[in-house]
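Q: can't give you the sequence, but here's the structure:
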């Protein structure tokens, strides 16, 4: 099947968001440019790692004096994901980088493939840039200020899940959970 490439350079809006209730949420990266909206599904852990690594990249850029010296505080984006919410694909591989020529942050998500589980397949994915039959691609270039806003929202989205059990730290369902610290007894 031919590769689909969704490129936003730069988007009008780039966010991480969810649909569903805590404990049963689906996480998305979403970019919008005009009326074009693309949503890519991914795991909660991928959102958390992307936000954490993006935060580290921003810190390093600030320390090296590469990013804006006086960052502009953009307003918090607390609105829900844009409609229509159609999953383009499920992300298997995320890539983060710095485009020094344009002074923008590059974020890529590639579709989950069977080869991604194989170490040789991971190396092959990097060589698929011009492969018309490669995995679907979602590419976004954003400024450091937009990246800071993305990190804040993504961390807020990740933390807004189920509260942790005070005994074991595992997520509590609304009806409780079986706690290993209580020898398998139910905790409410």
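A: All right, it came through fine. Values in this document were obtained by computation on a predicted structure and should not be read as measured data.

Q: just give the nearest non-adjacent residue to residue 171, would you?
A: Using C-beta to C-beta, 6 or more residues apart in numbering and skipping residues adjacent in sequence, the residue nearest residue 171 is residue 162, 3.9 Å away. All C-beta spots, glycine's among them, are computed from the backbone N, C-alpha and C.

Q: who touches the one you found in this structure?
A: Neighbour list for residue 162: 22, 23, 171, 172, 173 [criterion: C-beta atoms under 8 Å, 6 or more residues apart in numbering].

Q: residue 77: which of those residues is nearest?
A: Proximity of those to residue 77 (C-beta to C-beta) peaks at residue 22, which lies at 20.1 Å.

Q: right, and that closest one touches residue 164 too?
A: No: contact criterion C-beta atoms under 8 Å: residue 22 and residue 164 do not qualify, at 11.6 Å.

Q: quick one: which of these two has more around it?
A: Neighbour comparison, residue 22 and residue 164: the larger count goes to residue 22, with 14 against 11 (by other C-beta atoms under 10 Å).

Q: any idea how far the more buried one lies from residue 153?
A: According to C-beta to C-beta, to the nearest Å, residue 22 stands 17 Å off from residue 153.

Q: list the buried residues in stretch 46-56.
A: Of all the residues in stretch 46-56, those buried under the rule 16 or more other C-beta atoms under 10 Å are 46, 47, 48, 50, 51, 54, 55.

Q: and it, how far out from the chain middle?
A: How far stretch 46-56 lies from its chain's middle: 8 Å, per C-alpha atoms, centre = their mean, to the nearest Å.

Q: can you give me the strands in this structure?
A: Using DSSP state E, the strands of the chain run over 5-8, 13-19, 26-33, 36-42, 87-99, 104-111, 137-142, 177-179, 185-187.

Q: now those strands in CSV, with mean pLDDT, distance to residue 157 and mean neighbour count?
A: What follows is the strands of the chain, written out as CSV (pLDDT from 0 to 100; distance: least, C-beta to C-beta, whole Å; neighbours: other C-beta atoms under 10 Å):
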stretch, mean pLDDT, distance to residue 157, mean neighbour count
strand 5-8, 94, 19, 16
strand 13-19, 95, 5, 20
strand 26-33, 96, 7, 20
strand 36-42, 96, 12, 20
strand 87-99, 93, 15, 17
strand 104-111, 94, 16, 20
strand 137-142, 96, 17, 21
strand 177-179, 79, 22, 16
strand 185-187, 65, 26, 12
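
Q: out of the ones you listed, flag the one nearest residue 78.
A: Of all these, strand 13-19 comes closest under C-beta to C-beta, at 9.9 Å.

Q: just want the angle from the closest one to strand 36-42.
A: 50 degrees (axes from the mean of the first three to the mean of the last three C-alpha atoms, to 10 degrees).
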